[in-house]
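Colleague: quick one: sequence and predicted model below, then my questions.
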2 protein chains.
Amino acid sequence: MLLGIDIGGSKIAFGLADPSGRILARHRRATEPTGDPGRDLDRIADDVRVLLAKAGAGEGDLQRIGVSVPGPLDTERGVVVRPPNLPHWEAVPVAPRLEAELGCPVSLENDANAAALAEYRFGAGRGTQDMVYLTMSTGVGGGVILAGRLHRGRIGSAGELGHTPVEWPGEACECGLKGCLEAYVGGAALTRRLRDRAPETSACLALAGGREALTPVHWIEAARAGDRWALGELDRFNHYVAQAIVHLAFGLAPEVVVLGTIAVAAGEALCFGPIRAQVAERVWPHQAPYMKIVPAALGDDLAYRAGLCVALEAVGNR
Amino acid sequence: MLLGIDIGGSKIAFGLADPSGRILARHRRATEPTGDPGRDLDRIADDVRVLLAKAGAGEGDLQRIGVSVPGPLDTERGVVVRPPNLPHWEAVPVAPRLEAELGCPVSLENDANAAALAEYRFGAGRGTQDMVYLTMSTGVGGGVILAGRLHRGRIGSAGELGHTPVEWPGEACECGLKGCLEAYVGGAALTRRLRDRAPETSACLALAGGREALTPVHWIEAARAGDRWALGELDRFNHYVAQAIVHLAFGLAPEVVVLGTIAVAAGEALCFGPIRAQVAERVWPHQAPYMKIVPAALGDDLAYRAGLCVALEAVGNR
């Protein structure tokens, strides 16, 4: 059996599966970090034991555990370095600790790479060979699948598409660099911008019930209702995402680019249509039909699949 | 035995090798296109027969022929579409024709991909797994080697790094798009710019003996002699090349980026040093030491190796 664990800032999801990846049992709960990562990991190990029991199995049945967790990571040593959403998780040896607790090898992958593997195997990338995944949540994450395998690159920095420059020099990014895609289309940057700039007349503010409550969710809602300012901001969002995709078109020429989160929320008319049109203008006419740009398909199921796909990749089951 | 043919606008090179790629005999001559591609290919087949005889071999000893030729190509059908440097070569079925003449399978690859394979196997990329090659000749070509294999992408457009946008919208490129790297650092674009803009006082003009004779060779020479205007233009060149490399750093994170032609001519102090410094400023501090940026190593030998490496790749000898 294989087990996937998806550790997020607000929720932890567990998926137990047979060797082919078919889910046998699942569990989800609030993350509720205690401030002591050791205790947090003990609780995770307890959850695993309960889930195994529920499936009529024991620790001895586990072949591999895959963990999806926010970066940065030291994947070699299985250590979580300091994820922004998990307070007090600094240099936490997740893999060695869970291995010792559960007697089973543990593979760690950053959440964007794990999500890319899941969309490739079970979602929007199914049946392709080369896929790029790009997700705009708090930050912007990416994952590159080539010839059916996750491409990690040197020190795991391939697929860090949130930090590909889209302006030069450009605006400051949380990461310390300038002009990064994340500084333009990441959720945190967008939220700041929306709160700073939304005009009093924009539906964004009415929908949010106040400037300090405004998030990208209200912005998309306002755009869908035809709010002009919100639509203008969406043009800007689509422009930068299209630019990042054009870079990929000439570097990697993937079969499919899968966009998650904000793009999925905005949907076909507000986001995918305009992005495809902009990309088509900036690649060669014969290229455009060969690179699909599609929404992520897994939705809530992603959390159960992400860690699992890390385990499947680790055992070489493709 | 394997045979490589490198068809360029001015020269054709032939390299005959044993199955491991060790060169047994070589030949080079002027291309001298006759205006009739059929006759040009007949002459190439005759050259192959002469070279085989010189090595004491016959057509029956040939296992595979690899051809490096300027794009665009239809690699599936082995057809050269319309290379800018080979007049009258329109939709020329190079592979089928040579296969029929010489009784041996023929694989076609665009010259930048073939050069990337050669630098990977015999040159500056030796011993790495992931390498990107970027060459600035008349146009700008690129090739992407991942996990030791050429990554072609959809319809072969991976590694077309000359057309990755570095300005948005940017200057018009020969290819019909705007803002392409090639429009800023390709030899043809640079030559036009140098002739248009070189001030009367610049050493470029004196070295060239006149505005209409000015080429990037004189520009590099002038920069090396300390000419201020030439050095300013080199800053611009380095800036755009660095920008393209930064995109690669976050997308592919290769071990090594190999730069050819103009960068090699300009050398360490004028080009590689400044490019490395600019890249280091625009990637994360822990990334920079892991991505080498080095000059192409094969020089004149490249022509004998490029087609040969296409043959080696085709027979799966790595």
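Modeller: Received, thanks. Numbers count the residues shown, from 1 in each chain, chains lettered A, B, ... in the order given.
Colleague: quote the end-to-end distance of stretch A:193-207.
Modeller: 16 Å (C-alpha to C-alpha, to the nearest Å).
Colleague: direction included, what does the least confident helix or strand in chain A by mean pLDDT pair against?
Modeller: Counting by mean pLDDT, DSSP states H and E, chain A has its least confident helix or strand at strand A:73-74, which shows a mean of 86. Its sheet considered, strand A:73-74 pairs with strand A:79-80 (antiparallel) by DSSP bridges.
Colleague: now the element after the strand it pairs with, going C-ward?
Modeller: helix A:94-102 (DSSP states H and E).
Colleague: packing partners of that next one?
Modeller: On a contact count with 3 or more C-beta pairs under 8 Å, 6 or more residues apart in numbering or on different chains; DSSP states H and E, helix A:94-102 meets helix A:37-54, strand A:64-69, strand A:79-80, strand A:106-110. For every residue, glycine as well, the C-beta is placed using N, CA and C.
Colleague: return the residues of the stretch 101-250 of chain A in contact with chain B.
Modeller: Contact residues, the stretch 101-250 of chain A versus chain B (C-beta under 8 Å from any C-beta of the partner chain): A:130, A:144, A:146-147, A:149, A:151-165, A:168, A:175-179, A:243, A:246-250.
Colleague: which residue packs closest to the residue in the stretch 101-250 of chain A that chain B sits nearest to, ignoring adjacent ones?
Modeller: Closest to chain B within the stretch 101-250 of chain A is residue A:153: 2.6 Å, counting by C-beta to the nearest C-beta. Using C-beta to C-beta, 6 or more residues apart in numbering or on different chains and skipping the chain neighbours, the partner closest in space to residue A:153 is residue B:253 (2.6 Å).
Colleague: the one you found: neighbour count?
Modeller: By other C-beta atoms under 10 Å in any protein chain shown, 24 other residues sit near residue B:253.
Colleague: then residue A:138?
Modeller: Residues near residue A:138, counting by other C-beta under 10 Å: 18.
Colleague: got the CA positions of stretch A:296-309 in PDB?
Modeller: Presented in PDB, the C-alpha positions along stretch A:296-309 are these (Å, rounded to 0.1, in the frame of the first residue of the first chain):
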ATOM      1  CA  ALA A 296      -6.600  22.100 -13.200                       C
ATOM      2  CA  ALA A 297      -9.200  19.300 -12.900                       C
ATOM      3  CA  LEU A 298      -8.800  17.700  -9.500                       C
ATOM      4  CA  GLY A 299     -10.400  20.400  -7.200                       C
ATOM      5  CA  ASP A 300     -10.700  19.200  -3.600                       C
ATOM      6  CA  ASP A 301      -9.500  15.800  -4.600                       C
ATOM      7  CA  LEU A 302      -6.000  17.200  -5.200                       C
ATOM      8  CA  ALA A 303      -5.200  17.100  -1.400                       C
ATOM      9  CA  TYR A 304      -5.700  13.300  -1.400                       C
ATOM     10  CA  ARG A 305      -3.800  12.700  -4.600                       C
ATOM     11  CA  ALA A 306      -0.700  15.000  -4.200                       C
ATOM     12  CA  GLY A 307       1.200  13.100  -1.500                       C
ATOM     13  CA  LEU A 308       0.100   9.800  -3.000                       C
ATOM     14  CA  CYS A 309       1.600  10.800  -6.400                       C
END
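Colleague: which residues touch the residue of the stretch 101-250 of chain A closest to chain B?
Modeller: Applying C-beta atoms under 8 Å, 6 or more residues apart in numbering or on different chains, we find residue A:153 in contact with A:144, A:159, B:130, B:252, B:253, B:254.
Colleague: so residue A:75 sits against residue A:106, correct?
Modeller: No: taking C-beta atoms under 8 Å as the definition, residue A:75 is not a contact partner of residue A:106, at 11.1 Å.
Colleague: and the two? Which one has more around it.
Modeller: A direct count of neighbours by other C-beta under 10 Å for residue A:75 and residue A:106 places residue A:106 higher, at 25 against 18.
Colleague: so the more buried one makes contact with residue A:68?
Modeller: No: in this structure, residue A:106 is not within contact of residue A:68 by C-beta under 8 Å, at 11.8 Å.
Colleague: on that earlier part again, now list the buried members of the residues of the stretch 101-250 of chain A next to chain B.
Modeller: The neighbour count (16 or more other C-beta atoms under 10 Å in any protein chain shown) marks A:130, A:144, A:146, A:149, A:151-165, A:168, A:177-179, A:243, A:246-250 as buried among those.
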